[in-house]
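Peer 1: one predicted model, sequence on top.
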Amino acid sequence: MQKTTQNRYYRRELGKLGLGDATVMVEKIATAWVVMHTAKKGSPQYEENFWAFEDLNELCYDDPFQGLAVIQQILRTDSSDIILSHVGAGPMETLLAQHGEKVIDQVEENAATDAHFRRMLGAIWQNNMTPDIWARLKRVAGPPF
């Protein structure tokens, strides 16, 4: 119950905030997402930060550019292989499957300038991406994990 309430709070507040405040919210989601993914499943840290998983998942469906901003912040927070693989095979794959046409240009730009972002793209599977988006992604992605 607490996770759902907190999740709704963050999503509702993110839409109302100005750019500076929205940046703080992106950082909070990213930090909590990393904590959750580095904690032992079922531990208090994992459970207390699970809301960030839900928030990012919602963003990847409902607000692709805000979802991409959180993903970029996650990579700035922790670029370990475990985080790169979880981000790539999780929210980034969802984002491209749902909104590939909207975000692929930004994904290509990020891959050209950010080695960690490029490496993370190597963890993505085609999922429901169109053949065109998949081909564009494969051209800029690092090697598969």
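Peer 2: The structure has been received and is ready for your questions.
Peer 1: can you give me the helices in this protein?
Peer 2: All helices of the chain, identified by DSSP state H, fall at 2-16, 19-38, 44-48, 50-62, 64-77, 81-87, 93-113, 115-121, 131-140.
Peer 1: and Gly142, how many residues sit next to it?
Peer 2: For Gly142, the neighbour count with other C-beta atoms under 10 Å is 17. Every residue, glycine included, has its C-beta placed from N, CA and C.
Peer 1: for it, give me its contacts.
Peer 2: For Gly142, the contact set (C-beta atoms under 8 Å, 6 or more residues apart in numbering) comprises Ala115, Arg118, Arg119, Met120, Leu121, Gly122.
Peer 1: run the last query once more with 6 Å
Peer 2: Applying C-beta atoms under 6 Å, 6 or more residues apart in numbering to Gly142 gives the contacts Arg118, Arg119, Gly122.
Peer 1: which of the helices of the chain has the lowest mean pLDDT?
Peer 2: Mean pLDDT is lowest for helix 2-16 among the helices of the chain, at a mean of 50.
Peer 1: now mean neighbour count too, for the helices of the chain, in TSV please.
Peer 2: Shown next, in TSV, are the helices of the chain (neighbours: other C-beta atoms under 10 Å):
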stretch	mean neighbour count
helix 2-16	14
helix 19-38	17
helix 44-48	14
helix 50-62	20
helix 64-77	20
helix 81-87	19
helix 93-113	18
helix 115-121	21
helix 131-140	15
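Peer 1: list the residues that contact the residue lying closest to Phe53 once chain neighbours are set aside.
Peer 2: Computed as C-beta to C-beta, 6 or more residues apart in numbering, the closest residue to Phe53 that is not its neighbour in sequence is Met36, at 5.9 Å. By C-beta under 6 Å, 6+ apart, the residues touching Met36 are Tyr46, Asn49, Phe50, Ala52, Phe53.
Peer 1: which one of those sits closest to Glu109?
Peer 2: Ala52 (25.3 Å; C-beta to C-beta).
Peer 1: perfect, I'm done here.
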